[in-house]
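**Q** My questions concern the predicted model and sequence given below.
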Amino acid sequence: MNLNWLLAPPLPEAVPCQRLLYQRLRAAILDGRLAAGVRLPGSRQLAAELGIARNTVMFAYEQLVAEGCLLADRQGTRVATLAVAPSAAVRPPVWPALARRASLAESPVAGPELGAFAPGVPDVANFPFRAWRGCLDRAWRAARPRHLGYAAPGGEPELRAALAEYLATMRGFRVHPAQVIVTAGTQAALDLCARLLADNGETAWVENPGYPAARTALAMAGLALHPVAVDSEGMAPTATDWRAHPPRLVLICPAHQYPSGEVLSLPRRLALIDGVRRSGGWVIEDDYDSEFARGGPALPALFGLQPDAPVVYTGTFSKTLYPGLRLGYLVVPEALAEAFAGASASLARSGQGIEQMALADFIQRGHYTTHLRRMRRLYLARQQALRAALARWPGPETGIRGGAAGLHLVLTLPDTLSDTEVVSRAAERGVIVRALSRYALPPMRCNSLLLGYGPVPEAQMSEAVRRLRWAMQPA
């Protein structure tokens, strides 16, 4: 039997000879080129034919015998009869269908790009690397073997205590550390809320337009989504919404609605709490970038606005520090604290114990608030630079909205322009911009652009706007 083709060119340089021989023998057996019952040459004979060491052949044979592809006995080495006919290996695979819930996942709107004008992206170039490295070094020096396993239920005690103190100062919360549940980011927090606060098939209100990834988290947990329109005062439910679609959950970004940029007015905050209380539901308050509120203190959070309000609060460090940290948190009513801590440990099995200790140290030493103050000033200057550049390069837009907080503005377009077409043309000039229409569910119709100024230095703002204006010219 001539088996010289087993080591015929092209030979991958990075693959050892014994591994290559094993892989090619295995592939030939699986695709039927070496049929069941075929007797292979002895290890000495094959080594001589191929001009390789006998140990190389023995390695391949022994591995294939262990896998059940070859049989070895006193009569020699031969190809085993496999449970699956070899011809099945060469047919195009037919995979079982995905679960029905897979169809509920929406395509992501935003990508990982940095630069003008990617929305929702912080300026990681100004991250306080030196202070953070110091906190990580101290955390590693203080680490014990348990910190290399899963994190404590609900999160590391040091971080839960630091967050409770921070929220008391910055948001006026009166909570115990046990009410703070550390999560692996906002998506994990939403998934936990959906599974613990609602049953399969119950109704969840979502803002329209709204953040697709948040909608996906609720839909994948088995909830029925009901989109509620957003206007200049935030989520605007009608009497019909309350009557025909009473919510079990309401997911809302009151401090700075994403992506419209609107702030939920105080009367609507109170009305929402009252309505949810009467419907026997819960509000999930996503306070993802209240730290960047402008024009005075941010409005009080829904959490704690009224005694015993049915509100769960969620925050993240993705916008204030950096997205790759993958740490967020929930603040829950005291009665739910034990259940949430236990569920977070059993469902998510969170880790990052070292990073959690470092973040606690970062907050307690004042680095976090110092960084936020610095970034607030920087983002305000960049927003002003963006507004000035838009005025310097006038275009056909009909208005600018959403500057009260956050890291982006919304540029409303006339009906003669399509936001999706502008996005495509802007990409040709190296400008990243998002179409508001991509965030909306029917019957909502939007025709605007999201202009993220977070990662754009002031010196580059005018040129970026000039390129955007080119994309807005009639085709």
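**A** Perfect, I can see it now.

**Q** Who are the contact partners of Val79?
**A** Contacts of Val79 were listed using Cβ atoms under 8 Å, 6 or more residues apart in numbering, and they are 29, 34-38, 40, 69-71. Where C-beta positions appear, they are placed from N, C-alpha and C, glycine not excepted.

**Q** Could you rerun that using 7 Å?
**A** By Cβ atoms under 7 Å, 6 or more residues apart in numbering, the contact list for Val79 reads 29, 34-38, 70.

**Q** Ok, Cys193 next?
**A** Contacts for Cys193 (Cβ under 7 Å, 6+ apart) come out as 284, 312.

**Q** Can you pull the phi/psi pair for the residue nearest to Val124 when sequence neighbours are not counted?
**A** If you skip the residues right next to it in sequence, Val124 has Tyr322 as its closest partner in space, 5.0 Å away by Cβ to Cβ, 6 or more residues apart in numbering. Summarising the backbone geometry of Tyr322 under the convention degrees, to the nearest 10, its torsions are phi -160, psi 150.

**Q** Would you check that Tyr322 makes contact with Ala125?
**A** No: proximity of Tyr322 to Ala125 does not meet the contact threshold set by Cβ atoms under 7 Å, at 10.4 Å.

**Q** between those two, which one's more packed in?
**A** A direct count of neighbours by other Cβ atoms under 10 Å for Tyr322 and Ala125 places Tyr322 higher, at 14 against 9.

**Q** how close does the more buried one get to Leu336?
**A** Tyr322 sits 30 Å away from Leu336, going by Cβ to Cβ, to the nearest Å.

**Q** on that earlier part again, and the residue nearest to Val124, what does it touch?
**A** For Tyr322, the contact set (Cβ under 7 Å, 6+ apart) comprises 122, 124, 127.

**Q** among those residues, which ones are buried?
**A** Among the contacts of Tyr322, those scoring as buried are Pro122 (criterion: 16 or more other Cβ atoms under 10 Å).

**Q** Pull the number of nearby residues for Thr216.
**A** Thr216: 20 neighbours (other Cβ under 10 Å).

**Q** mind checking the backbone torsions on it?
**A** phi -60, psi -40.

**Q** cool, Thr320 as well?
**A** phi -90, psi -30.

**Q** For the remainder of this discussion, apply numbering that starts at 130.
**A** Happy to do that; since the first residue is 130 now, the last one works out to Thr449.

**Q** does Phe246 have beta-bridge partners, and which?
**A** According to DSSP bridges, the residues that bridge with Phe246 are Gly581.

**Q** any idea how far Arg398 is from it?
**A** Relative to Arg398, Phe246 is positioned 30 Å away (criterion: Cβ to Cβ).

**Q** do you know how far Glu526 is from Gly180?
**A** Per Cβ to Cβ, Glu526 is found 73 Å from Gly180.

**Q** repeat for Leu536
**A** 64 Å.

**Q** quick one: which of the two has more around it?
**A** Counted by other Cβ under 10 Å, Leu536 and Gly180 do not tie: Leu536 has more neighbours, with 27 against 8.

**Q** Counting neighbours, what do you get for Glu168?
**A** Just so we're on the same page, residue 168 is Arg rather than Glu. Using other Cβ under 10 Å as the criterion, Arg168 is surrounded by 12 other residues.

**Q** Could you look up the SS state of the residue lying closest to it once chain neighbours are set aside?
**A** Here the nearest residue to Arg168 in space, its sequence neighbours aside, is Arg207; by Cβ to Cβ, 6+ apart that works out to 4.6 Å. Using DSSP: H, G, I helix; E, B strand; the rest coil as the criterion, the local structure at Arg207 reads strand.

**Q** and Arg207, what does it touch?
**A** Applying Cβ under 7 Å, 6+ apart, the residues contacting Arg207 are 166-169, 199-200.

**Q** what's the answer for Ile158, then?
**A** Residues touching Ile158, when contacts are defined by Cβ under 7 Å, 6+ apart, comprise 198, 208.

**Q** pretty sure it is in a helix, no?
**A** Yes: with three-state DSSP as the criterion, Ile158 is located in a helix.

**Q** gap between it and Asn329?
**A** Distance from Ile158 to Asn329, by Cβ to Cβ: 46 Å.

**Q** do the same with Ser553
**A** Using Cβ to Cβ, one obtains 39 Å as the distance from Ser553 to Asn329.

**Q** Next: Cys382.
**A** When Cβ to Cβ is applied, the distance between Cys382 and Asn329 equals 25 Å.

**Q** out of these two, which sits in the more crowded spot?
**A** The residue with more neighbours, out of Cys382 and Asn329, is Cys382; 30 against 10, by other Cβ under 10 Å.

**Q** Nearest residue to the more buried one in space, please, no chain neighbours.
**A** Spatially, and ignoring its direct neighbours in sequence, Cys382 is nearest to Asp415 (4.7 Å; Cβ to Cβ, 6+ apart).

**Q** Kindly report the same for Glu362.
**A** Once flanking residues are discounted, Glu362 sits nearest to Ser394: 4.2 Å by Cβ to Cβ, 6+ apart.

**Q** now that neighbour: how far from Met364?
**A** From Ser394 across to Met364, the span is 10 Å (Cβ to Cβ).

**Q** Tell me which residue is most central in the protein.
**A** If you average the C-alpha coordinates of the chain and look for the closest C-alpha using Cα atoms, centre = their mean, you land on Gln316, 6.3 Å from that point.

**Q** tell me which element that residue is part of?
**A** In this assignment (DSSP states H and E), Gln316 forms part of helix 315-326.

**Q** for that helix, the distance to its chain's centre please.
**A** The chain centre lies 13 Å from the centre of helix 315-326; the measure is Cα atoms, centre = their mean, to the nearest Å.

**Q** Just the C-alpha atoms of it, please, in CSV.
**A** Included here for helix 315-326 are C-alpha records, laid out as CSV according to Å, rounded to 0.1, in the frame of the first residue of the first chain:
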residue,chain,number,x,y,z
THR,A,315,-25.5,45.5,32.3
GLN,A,316,-26.6,42.6,30.1
ALA,A,317,-26.1,40.2,33.0
ALA,A,318,-27.9,42.5,35.3
LEU,A,319,-30.9,42.7,33.0
ASP,A,320,-31.0,38.9,32.5
LEU,A,321,-31.0,38.4,36.3
CYS,A,322,-33.9,40.9,36.7
ALA,A,323,-35.9,39.3,33.9
ARG,A,324,-35.5,35.8,35.4
LEU,A,325,-36.2,36.8,39.0
LEU,A,326,-38.9,39.5,38.6
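
**Q** can you tell me the average pLDDT over it?
**A** Helix 315-326 shows a mean pLDDT of 92 in the predicted model.

**Q** same question, stretch 246-255
**A** Model confidence over stretch 246-255, given as mean pLDDT, is 90.

**Q** Give me the nearest residue to Ser591, chain neighbours excluded.
**A** For Ser591, ignoring the flanking residues on the chain, the nearest one in space by Cβ to Cβ, 6+ apart is Ala518 at 4.6 Å.
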